[in-house]
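Q: Let me see the structure of the following:
(chains A and B)
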Amino acid sequence: MTAPPDDCLARNEWICGDYLSTRREILLDAVLQHLQLTSVSVLIGLALALPLAVPARRWGWAAGPVLAVTTILYTIPSLAMFSLLLPLYGLSATLVIAGLVLYSLTLLVRNILAGLRAVPEETRQAARGMGYGPVRLLLTVELPLALPAAMAGLRIATVSAVSLVTIGAIVGFGGLGNLIYSGMNTYFKAQVLTASVLCVVIAVAADLLLLGVQRLITPWTRART
Amino acid sequence: MNTLTATWDWLTDPAHWSGADGIWQRLLQHLVLTVVCLVVSCLIALPVAVVLGHLGKGGALAVNISNVGRAVPTFAVLVLLLLTPIGRWGEGPTVVALVLFAVPPLLTNAYVGMREVDRGTVQAARGMGMTGRQVMFHVELPLSSPMILNGMRIAAVQLVATATIAALAGGGGLGRIITAGFNLASTPQVVAGAVLVAVFALIVEGLFEVAERLAPAWARGAP
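A: Purely as a prediction, here's the structure:
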């Protein structure tokens, strides 16, 4: 009988290089699932938030109900949200995505609406005076000017989604959360720490990426004053 | 429809309300965790924010802490704490994680509130012979109370949510009903637990809404 190997995995250390080299595949799969869940839900959230925010801007009476409903959804704790959607979607990745979409909605609708409201009235009047119709006004003047506020909301929504995906571990679709969950049950310290750090790294990277995109698509905000 | 009736049956079964892991007990745990952690977080965050805001220092720190907090997954921190020596004292990881995540919104809101007090008002108070300490307690603090109350509201709702997640990492509270439901593969129990948690969170949010309305006019930010 051979003696058990005396490496950092056997000693259950927090930081362990052997863990990284032996579990590369598992980590990669978890990161990919994490990225996929995050990006799909934020994109669907964005696709739903725009048609909600634009009418809320155009017709004042619509703003109250839209903001109230999304805020109430945001108040419901994430684990409860996933659980409430369980009868609709079952134990699936769709369940996690649906929950995350509802979360990002509040942040996105609020910020897009704030951006649209901040467009100066003179600017809108000038565009109308130049013969812009409502659709052209919205697409070429109002939405571009609302971009900085909307991007700020998108950054917050994305960073929050990255950290909320981990809760999806309860239904088996939590990306890196799955590793944290199983690491908890087996007291596998290296796995929990590595997965946690990767979560933060993904969140920070996504935030920086979006900041870069924002600078690229809103060059006028950097013009000389 | 079937799930709805099954959930209703689960919720109205008296056996599910009593006992050591009954609904009343979980509700009480959730409430105690939320209230205790809110008080502790306020005791930590508010004095720091008020003094920093009065001195006008550390602003970048107070605001950045809040942004960093968002990127760190609550669940990951809970599990990490569980695996450290803190995990040996019962609700230790839950309490530490709850306080850790409630401090940033309290700190940021109170700091911003202190800084947004009209400088003219502060100078007028100074001109009337108030000392720095008097300005802080009698002028800046009351005028920033709407922002402080708003920070407490955000922190409280977040505490309720975090206490729910704590159940995933072995903590108590209403989340336990949900996790137990998942372990038993009982959809009615999972949904019933979720309804209880959602109602609890909405009641907390509603209480703060009422508190903000009942506050005196100056504390509501009225001009």
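Q: How about the lowest-mean-pLDDT helix or strand in chain B and chain A, any contact?
A: Sorting the helices and strands of chain B by mean pLDDT, DSSP states H and E puts helix B:59-71 at the bottom, at a mean of 78. Yes: using C-beta under 8 Å from any C-beta of the partner chain, we find that helix B:59-71 touches chain A at B:70-71. (C-beta placed from N, C-alpha, C; glycine too.)
Q: And for residue 114, nearest residue in space, chain neighbours not counted?
A: Chain wasn't specified; assuming chain A. Residue nearest to A:Ala114 in three dimensions, not counting chain neighbours: A:Ala149, with 5.1 Å by C-beta to C-beta, 6 or more residues apart in numbering or on different chains.
Q: My question was about chain B, not that one.
A: B:Gly53 (2.5 Å).
Q: Provide the secondary structure category for the one you found.
A: Look at B:Gly53: counting by DSSP: H, G, I helix; E, B strand; the rest coil, its state is helix.
Q: wait, doesn't it sit right on B:Ser144?
A: Yes: with contact defined as C-beta atoms under 8 Å, B:Gly53 counts as touching B:Ser144 (7.2 Å).
Q: which neighbours do the two share?
A: Common contacts of B:Gly53 and B:Ser144 (C-beta atoms under 8 Å, 6 or more residues apart in numbering or on different chains): B:110, B:113-114.
Q: Just the ones of those in helices?
A: B:110, B:113-114 (DSSP state H).
Q: among the residues you listed, who's most crowded?
A: B:Ala110 (29 neighbours; other C-beta atoms under 10 Å in any protein chain shown).
Q: Contact partners for it?
A: By C-beta under 8 Å, 6+ apart, the contact set of B:Ala110 is B:45-46, B:49-50, B:53, B:144, B:147-148, B:151.
Q: Columns pLDDT, secondary structure and neighbour count on top of these, output as CSV?
A: CSV is the format used below for these (pLDDT from 0 to 100; DSSP: H, G, I helix; E, B strand; the rest coil; neighbours: other C-beta atoms under 10 Å in any protein chain shown):
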residue, pLDDT, secondary structure, neighbour count
B:Ala45, 94, helix, 27
B:Leu46, 94, helix, 20
B:Ala49, 92, helix, 27
B:Val50, 91, helix, 20
B:Gly53, 90, helix, 26
B:Ser144, 91, coil, 26
B:Met147, 90, helix, 22
B:Ile148, 92, helix, 24
B:Gly151, 93, helix, 28
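Q: Closest to chain A out of the residues you listed?
A: Nearest to chain A among the contacts of B:Ala110 is B:Gly151, at 15.9 Å by C-beta to the nearest C-beta.
Q: and the gap between the closest one and B:Gly113?
A: Using C-beta to C-beta, to the nearest Å, one gets 8 Å for the distance from B:Gly151 to B:Gly113.
Q: After the helix-or-strand element of chain A with minimal mean pLDDT, which helix or strand is next?
A: Counting by mean pLDDT, DSSP H and E, the weakest-scoring helix or strand in chain A turns out to be helix A:17-22, with a mean of 82. Going down the chain from helix A:17-22, the next helix or strand is helix A:24-58, by DSSP states H and E.
Q: Pull out the buried positions in the least confident helix or strand of chain B.
A: B:62, B:65-66, B:69-71 (16 or more other C-beta atoms under 10 Å in any protein chain shown).
Q: And for B:Ala163, the neighbour number?
A: Counted with other C-beta under 10 Å, B:Ala163 comes out at 31.
Q: Kindly reformat the contacts of B:Ala110 as TSV and extend each row with distance to B:Arg213.
A: Below are the contacts of B:Ala110 laid out as TSV (distance: C-beta to C-beta, whole Å):
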residue	distance to B:Arg213
B:Ala45	24
B:Leu46	22
B:Ala49	24
B:Val50	24
B:Gly53	25
B:Ser144	19
B:Met147	16
B:Ile148	16
B:Gly151	17
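Q: and chain A, which residues reach chain B?
A: Counting by C-beta under 8 Å from any C-beta, the residues of chain A close to chain B are A:72, A:75-84, A:86-87, A:156, A:159-160, A:162-164, A:166-167, A:169-171, A:177, A:180-181, A:183-184, A:187, A:189, A:192-193, A:195-196, A:199-200, A:203-204, A:207.
Q: PyMOL command to pick out the buried ones of those residues?
A: In PyMOL, a selection of the buried entries from those looks like this (16+ other C-beta under 10 Å):
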select buried, chain A and resi 75+76+77+78+79+80+81+82+83+84+86+87+156+159+160+162+163+164+166+167+169+170+171+177+180+181+183+184+189+192+193+195+196+199+200+203+207
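Q: So which residues on chain B come close to chain A?
A: B:3, B:70-77, B:79-80, B:82-83, B:157, B:160-161, B:164-165, B:167-169, B:175, B:178-179, B:181-182, B:187, B:190-191, B:193-195, B:197-198, B:201-202, B:205.
Q: could you redo the last one with a cut-off of 7 Å?
A: For chain B, the residues in contact with chain A (C-beta under 7 Å from any C-beta of the partner chain) are B:3, B:70-76, B:79-80, B:82-83, B:157, B:160-161, B:164-165, B:168-169, B:175, B:178, B:182, B:187, B:190-191, B:193-194, B:197-198, B:201-202, B:205.
Q: out of those, which are buried?
A: Buried among the residues of chain B next to chain A by 16+ other C-beta under 10 Å: B:70-76, B:79-80, B:82-83, B:157, B:160-161, B:164-165, B:168-169, B:175, B:178, B:182, B:187, B:190-191, B:193-194, B:197-198, B:201, B:205.
Q: ok, back up a step: what about the residue nearest to B:Met114, distance to B:Val122?
A: Going from B:Gly53 to B:Val122 by C-beta to C-beta gives 11 Å.
Q: What mean pLDDT does the strand or helix carrying B:Pro142 get?
A: Assigned by DSSP H and E, B:Pro142 belongs to helix B:141-143. In this model, helix B:141-143 has a mean pLDDT of 90.
Q: got the buried residues for that helix?
A: Within helix B:141-143, judged by 16+ other C-beta under 10 Å, the buried ones are B:141, B:143.
Q: three-state assignment of B:Val48?
A: Going by three-state DSSP: B:Val48 is helix.
Q: tally of neighbours for it?
A: If we define neighbours as other C-beta under 10 Å, then B:Val48 has 17 of them.
Q: List the contacts of it.
A: B:Val48 makes contact with B:Leu107 under the criterion C-beta atoms under 7 Å, 6 or more residues apart in numbering or on different chains.
Q: Would you state the helices of chain A in chain order?
A: In order along the chain, chain A carries the following helices (DSSP H): A:17-22, A:24-58, A:60-75, A:78-84, A:86-89, A:93-117, A:121-129, A:134-137, A:143-165, A:176-185, A:189-217.
Q: most packed of those?
A: Mean neighbours per residue, mean count of other C-beta atoms under 10 Å in any protein chain shown, is largest over the helices of chain A for helix A:78-84, with a mean of 27.
Q: what about the strands in chain B?
A: Using DSSP state E, chain B contains no strands.
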